[in-house]
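Peer 1: sequence isn't available, so here's the structure alone:
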């Protein structure tokens, strides 16, 4: 125990002794004045010594406290100097006024007093004055900074080890992929066994060499399928090289009449291996649904596409069409009624395909209804013809009427789109889980996942072509009315631009079948005629055209004028007829106030990839999107995407 505390203890005893002595002295004065007087004298002496003892105690206490304060200050200074923690104080102008040695060691200087925080730590320059914790890089080190704006104080803690560990964890995350030779049967059909084996050996060797070069574990699971495993570093390298193996395999087999192509689906960023495998298969399905010869990478919520430089290969056999047709017929028979709908603002292809499916429903002996929401100019003449045909017109209903007649036993057939948000009435898809999708567009991220039957063939010229093939297997003998056959053929004519684009052998076979069943080509010409005012408006749009990269035509409408989507698309088609133009883009405001962009190409450029970066989609040669804002803003966005693609890998294939 400190001496001053012992003195304090003795002092307290003296106080109590003094109190007792004074009380006793006053008591003795009443009986023995001499003894009482002596007691008072002794009490005075005791009081004197007590006061001196208290004064000595206070002096000793003050000295002790001073010693403790000095030791605490000294210890505090040593702690601030030695702790592995940086402390920095700044003023209202963000000028550094004080810091401990740790901060100096961080920046490699003895003192940074007088410097500004923004100069010393640029990552903090744009941060708002609020209490938060964030990471700042200084050289090769990473520090966690605790900002205390009220005290104008910063704390720094070395977070490099944790950051390194986290980075290593992210880099070592597993990525799983599936590689598929997506047209093996078509490419090797007719080859002798020896030639087929040599071709497969070449392709397998190319894929194996690609895997070894990029640090990928590869395992063959079937004659046309491989399983690949890699980490995030390997996946990043593949994305930077934009999966050159696609081009290598295609070039390796270019001498074949049908070059062999690959489709790859890769997934990463999911918690379980089961989910990872499912997402890899989904990615592969998306690559195949978009026409093959491309890669789909799904990393968490990010979805990226690579390749897609060639048109989808037309299948030589109709086995799939027959199987789908029989499955569709069975679904129709099991349903109480069939609801048929295309996309919003339907075009000739959607209406023609709907009429074809309605015929199939009637052949099966069920009731079918076509959902029609409004009539745009592109189908007005066709709808006039249908309105005069009482047998056909009675089966067209509005979305409101369709909602009233649809139940859980109804079959919903979605045509010319695979996006739930684009159908004529999305609520119908919630009333029944019996859904069929028939489409010829390349598959996008949004897809009707709950569909029972999906028939998507990107090689097809139109949905009408697919429906025509399905009709041939619905029943042995199908008798089409003239207007029904004409509507189907009109859809093919419009989507192929009179058989000049995306036309294969099966397209002509479908057209031939429709002609044999009474399709009237003269009526189609009348349906597709345009008036003089419409033609003049197209000419005005074409007049505002600029040429980019020597082969791209970019046209845009007047700011205060609205154009139909049909006109925007027709202008894009017209621009392709100009000399040296390989692709065209037309930007104009639509009647609904949104900015529409239609893109067309002759095959040397994948306009689908351009439109997908702007939130749209479509085909390699035919794509579109809609944007909010102004025409000028849309033009700037489009030019930025074109410049980025030109820098990355070039615009032309």
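Peer 2: Received the coordinates, thanks. Just so we're clear, the structure is a prediction, and the values are computed from it rather than from any experiment.
Peer 1: beta partners for the most centrally placed residue in the chain?
Peer 2: In the chain, the centroid-proximal residue (CA atoms, centre = their mean) is residue 302; its distance is 4.2 Å. With DSSP bridges as the criterion, residue 302 is bridged to residue 299.
Peer 1: so it versus residue 246, what's the distance?
Peer 2: Separation of residue 302 from residue 246 (CB to CB, to the nearest Å): 20 Å. (C-beta placed from N, C-alpha, C; glycine too.)
Peer 1: and residue 641, its phi and psi?
Peer 2: Residue 641 adopts backbone torsions of phi -70, psi -40, taken as degrees, to the nearest 10.
Peer 1: so who does it touch?
Peer 2: Listed by CB atoms under 8 Å, 6 or more residues apart in numbering, the contact set of residue 641 reads 610, 613, 614.
Peer 1: I figured the last one hits residue 636, correct?
Peer 2: No - at 11.4 Å, residue 614 and residue 636 do not qualify as touching, with contact defined as CB atoms under 8 Å.
Peer 1: who has more neighbours, these two?
Peer 2: Neighbours per residue, other CB atoms under 10 Å: of residue 614 and residue 636, the larger number sits with residue 614, 19 against 12.
Peer 1: look up how far residue 347 lies from the closest residue to that one other than its chain neighbours.
Peer 2: Setting aside the residues directly before and after it, residue 614 is nearest to residue 625 in space (CB to CB, 6 or more residues apart in numbering), at 4.6 Å. Using CB to CB, we find residue 625 at a distance of 16 Å from residue 347.
Peer 1: and what of residue 581?
Peer 2: In this view, residue 581 and residue 347 are 24 Å apart by CB to CB.
Peer 1: equivalent analysis for residue 202, please.
Peer 2: Remark: distance between residue 202 and residue 347 (CB to CB) = 44 Å.
Peer 1: who has more neighbours out of these two?
Peer 2: Neighbour totals were compared for residue 202 and residue 347, and residue 347 leads with 21 against 14 (other CB under 10 Å).
Peer 1: ok, back up a step: do you know the pLDDT at the residue nearest to the centre of the chain?
Peer 2: pLDDT recorded at residue 302 is 83.
Peer 1: could I get the full set of strands for the stretch 201-350 of the chain?
Peer 2: Per DSSP state E, counting those that start in this stretch, the stretch 201-350 of the chain carries strands over the ranges 217-222, 225-230, 262-268, 294-299, 302-307, 337-341.
Peer 1: picking up where we left off before, against which helices or strands is the helix or strand that contains the residue nearest to residue 614 packed?
Peer 2: Per DSSP states H and E: residue 625 is located in strand 622-627. Packing partners of strand 622-627 (3 or more CB pairs under 8 Å, 6 or more residues apart in numbering; DSSP states H and E): strand 595-601, helix 607-613, strand 617-618, helix 631-648.
Peer 1: so which of the ones you listed comes closest to residue 444?
Peer 2: strand 617-618 (4.5 Å; CB to CB).
Peer 1: other residues contacting that closest one?
Peer 2: For strand 617-618, contacts defined as CB under 8 Å, 6+ apart pick out 441, 442, 444, 599, 607, 608, 611, 623, 624, 625.
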